[in-house]
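J.: structural data only, the sequence is not supplied:
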């Protein structure tokens, strides 16, 4: 038995490429007391990974060159020297882009595949779902009747943001790339309207879909879309800075929001968030979201690509938009 | 008797110039019931004026072409058909850049020259002082021991921000242009340190003066200094967007803060404010600030230029920094 591992071996410049990673077959790890071995079944691919590849001060240290690429994972415990995680349990944690991973349990939690299929625990019931829940409710603070605009609306985070905003009685508009995604937002997820940013002038589209202005803008993309949204915010609007995927592969400096003085004019705030801060409340959030799922108010989709060795090219789907919903690798 | 009036006759492109204004000698106004006539003694020149000259949606309508330029004023009531404002009273309000102005009292309030010299009512006890008070305390929310950085530190707003932050037990660093202003911040106003942005690399200077990072950044200038400050903020930092004087005369789009993703990394917020929102609490703030003045904790300086007709060129001192403290015209 060998462990297939994807390691970061170079800091990407611009879009990550195959040569930034190695694919290795290494010896299986040997467990110490308190550890357990997980056979990873699904690996989460997230925009945040691009940041972790960068050697800068951030909310988490970068992945060191030569280390297995950091990733959220879910899989089955197949060997254990840990009292809490037993063989046959399913666990989610930071297993990394590899077939097998060792954990001491501190950053892992058990999941129950009878509640939801395993991929959901990396999507709507995992980090992206928690990010949507806490980012929208704690930072965005939507009120009934508010207009909520969300970019990356068909993505793992944005699709959940919009649906939670609907639960809270808001008018919800999603921004996504392409007619198919926009149709999905409105027809399946129940958004009030959608903007196809690839085929519509974003400024005109926001005016069209948000005639009363924007009260909460949940930003996953940055760049021109953030600027366009700033241009249409209402008094006391809240802008949640969750990500800026349009800027992650820049070789030039990040494009700052030229319209930021709209914050002054509208006494609005722009605030960043990192999901880990809410770890102690994940369980409560997952229960509430599970309830919405059972009531049919919270739908989710996974886009699953087979084969851990496809990691370098599959990752690019996050940036070119060639996927719908949560992007996962099936090991 | 004639009324000298400065009117806006063209929308400035870039830096305002003499030909954007007319200087006229017009007939004296005739009072209606409820109105009173003020002989303006001092006229306030503020960075916000540049925004009011621009024909865009903002927190207040632009000055119409052909109208007297909007300005805060203080002067003596010399004629009155208003019960509250009597001849001999002193009043502050939005009199505009003219020798005499008519008010119905709604946007005016009486001032008492025995409490403080008239110019103070346009500075530390007027809009700039109120902006500093509410912007710092309500939006910046400084806590004892916080590091507070303020740009435009020798200006009418910034100088008060820094002194209030000292009252609240913060470490205060001011940014100003030139050695004389920096010396004033430290020696007279009691700031802990100062940065001369005209003669020092701003990134290195912030690192030097804020070794523990920035908890509150009060921004009056925007541009590169805002970006440098964002690069050194602490977790949960608050950035008060009060103005962006470095960008007001741009002929190109406003420079957005390229480092805005520091808000995400640091779970920080950037929030705009407009002083008018706090009008109902001005009196309470003025009383508290008056107390600090009497205790010697709140100093202020006015830079007074003689002659209403110098308005177009005197205004430029706001942008080239050729003044210290609150800029006023003496009529």
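T.: Great, that's in hand. Here the structure is a predicted model, which means the values were calculated and not measured.
J.: tell me how far residue A:154 lies from residue A:187.
T.: 12 Å (CB to CB, to the nearest Å). Where C-beta positions appear, they are placed from N, C-alpha and C, glycine not excepted.
J.: neighbour count winner among the two?
T.: residue A:154 (28 against 10; other CB atoms under 10 Å in any protein chain shown).
J.: got the contact list for the closest residue to residue A:2 other than its chain neighbours?
T.: Among residues not flanking residue A:2 along the chain, residue A:25 sits closest, at 4.4 Å (CB to CB, 6 or more residues apart in numbering or on different chains). By CB atoms under 8 Å, 6 or more residues apart in numbering or on different chains, residue A:25 lies in contact with A:2-5.
J.: for these, which one is nearest chain B?
T.: Nearest to chain B among the contacts of residue A:25: residue A:5, at 28.1 Å, using CB to the nearest CB.
J.: show the average pLDDT along the helix or strand hosting the closest one.
T.: Counting by DSSP states H and E, the element that carries residue A:5 is strand A:2-8. Averaged over strand A:2-8, pLDDT sits at 98.
J.: tell me what that strand is packed against?
T.: With contacts taken as 3 or more CB pairs under 8 Å, 6 or more residues apart in numbering or on different chains; DSSP states H and E, strand A:2-8 sits against strand A:21-27.
J.: repeat that with 10 Å
T.: strand A:21-27, strand A:36-44, strand A:100-103, helix A:311-315 (3 or more CB pairs under 10 Å, 6 or more residues apart in numbering or on different chains; DSSP states H and E).
J.: figure out which of these is closest to residue A:174.
T.: Counting by CB to CB, residue A:174 lies closest to strand A:36-44 out of these; the figure is 21.6 Å.
J.: and the contacts of the helix or strand following that closest one?
T.: Once the chain leaves strand A:36-44, the next helix or strand it forms, by DSSP H and E, is helix A:48-52. Helix A:48-52 is contacted by residues A:8, A:12, A:15-16, A:46, A:58-63, A:69-72, A:97, A:127-128, A:131, A:242-245, A:247-249, A:274-275, A:311, A:315, A:318-319, B:261, B:264-265 when judged by CB atoms under 10 Å, 6 or more residues apart in numbering or on different chains.
J.: from the residues you listed, list the buried ones, please.
T.: Among these, those classed as buried by 16 or more other CB atoms under 10 Å in any protein chain shown are A:8, A:12, A:16, A:46, A:58-59, A:62-63, A:69-72, A:97, A:127-128, A:131, A:242-245, A:247-248, A:274-275, A:311, A:315, A:318, B:261, B:264-265.
J.: sort out for me which of those are in helices.
T.: Per DSSP state H, helices hold the following members of those: A:127-128, A:131, A:311, A:315, A:318, B:264-265.
J.: got these as TSV, with distance to residue B:168 columns?
T.: Output for those, formatted as TSV (distance: CB to CB, whole Å):
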residue	distance to residue B:168
A:127	38
A:128	40
A:131	35
A:311	51
A:315	48
A:318	45
B:264	28
B:265	26
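J.: surely residue A:290 and residue A:121 touch.
T.: No. Applying CB atoms under 10 Å, one finds residue A:290 not in contact with residue A:121, separated by 11.3 Å.
J.: identify the contacts common to those two.
T.: residue A:115.
J.: tell me which of these two has more neighbours.
T.: residue A:121 (27 against 16).
J.: hang on, isn't the more buried one packed against residue A:282?
T.: No. Counting by CB under 10 Å, residue A:121 stays clear of residue A:282, with 11.4 Å between them.
J.: any common contacting residues for the two?
T.: In terms of CB under 10 Å, 6+ apart, residue A:121 and residue A:282 are both contacted by the residues A:109, A:127, A:129.
J.: which helix or strand contains the closest residue to the first one other than its chain neighbours?
T.: Spatial nearest neighbour of residue A:109, chain neighbours left out: residue A:92 (5.9 Å); criterion: CB to CB, 6+ apart. Take DSSP H and E as the rule and residue A:92 turns out to sit in strand A:90-93.
J.: how about residues contacting that strand?
T.: By CB under 10 Å, 6+ apart, strand A:90-93 touches A:36, A:38, A:40-42, A:44, A:72-77, A:80, A:82, A:84-85, A:101, A:103-114, A:118, A:121-122, A:125-127.
J.: show the buried residues in those residues.
T.: A:36, A:38, A:40-42, A:44, A:72-77, A:80, A:82, A:85, A:101, A:103-105, A:108, A:111, A:118, A:121-122, A:125-127.
J.: how long is stretch A:252-264 from one end to the other?
T.: Stretch A:252-264 has an end-to-end distance of 27 Å (CA to CA, to the nearest Å).
J.: buried residues in it?
T.: Buried residues in stretch A:252-264 (16+ other CB under 10 Å): A:254-264.
J.: how about the helices of the stretch 51-200 of chain A, start to end?
T.: Secondary structure of the stretch 51-200 of chain A, counting by DSSP state H, counting those that start in this stretch: helices at A:127-134, A:158-167, A:179-183.
J.: now those as a markdown table including mean pLDDT and distance to chain B?
T.: A markdown table is the format used below for the helices of the stretch 51-200 of chain A (pLDDT from 0 to 100; distance: least, CB to the nearest CB, whole Å):
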| stretch | mean pLDDT | distance to chain B |
| --- | --- | --- |
| helix A:127-134 | 97 | 11 |
| helix A:158-167 | 98 | 15 |
| helix A:179-183 | 97 | 24 |
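J.: among those, which comes closest to residue B:238?
T.: helix A:127-134 (19.7 Å).
J.: now the longest helix belonging to chain A: buried residues?
T.: Ranked by number of residues, the top helix in chain A under DSSP H is helix A:282-294. Neighbour-count burial for helix A:282-294, with 16+ other CB under 10 Å as criterion, is recorded at A:282, A:285-286, A:289-290, A:292-293.
J.: does residue A:94 touch residue A:74 like I think?
T.: No. Residue A:94 is beyond contact range of residue A:74, at 11.0 Å (criterion: CB under 10 Å).
J.: find residues that contact each of those two.
T.: With CB under 10 Å, 6+ apart, residue A:94 and residue A:74 have common neighbours A:44, A:108.
J.: count the residues that sit near residue A:305.
T.: Neighbours around residue A:305, by other CB under 10 Å: 18.
J.: show me the contacts for it.
T.: A:43, A:45, A:311, A:313-315, A:317, A:323, A:327-330.
J.: what secondary structure does it sit in?
T.: strand (DSSP: H, G, I helix; E, B strand; the rest coil).
J.: next, count neighbours for residue A:98.
T.: 24.
J.: now residue A:261. Nearest residue, chain neighbours left out?
T.: residue B:244 (5.8 Å).
J.: off-centre distance for stretch A:64-80?
T.: Stretch A:64-80 sits 18 Å away from the centroid of its parent chain (CA atoms, centre = their mean, to the nearest Å).
J.: just stretch A:54-66 next, same as before
T.: For stretch A:54-66, the distance to the chain centre is 18 Å (CA atoms, centre = their mean).
J.: also stretch A:176-192?
T.: For stretch A:176-192, the distance to the chain centre is 18 Å (CA atoms, centre = their mean).
J.: the residue in the stretch 101-250 of chain A that chain B sits nearest to: neighbour count?
T.: Minimum separation of the stretch 101-250 of chain A from chain B (CB to the nearest CB) falls at residue A:241, amounting to 4.9 Å. Using other CB under 10 Å, residue A:241 has 28 other residues around it.
J.: got it, and the one 5 residues further on?
T.: Per other CB under 10 Å, the neighbour tally for residue A:246 reads 21.
J.: look up the pLDDT of it for me, please.
T.: Residue A:246 is given a pLDDT of 93.
J.: same question for residue A:110.
T.: 95.
J.: tell me the contacts of it?
T.: Per CB under 10 Å, 6+ apart, neighbours of residue A:110: A:77, A:84-86, A:89-93, A:121.
J.: is it in a bridge, and if so with what?
T.: residue A:91 (DSSP bridges).
J.: on that earlier part again, which non-adjacent residue is nearest the residue of the stretch 101-250 of chain A closest to chain B?
T.: residue A:272 (4.4 Å).
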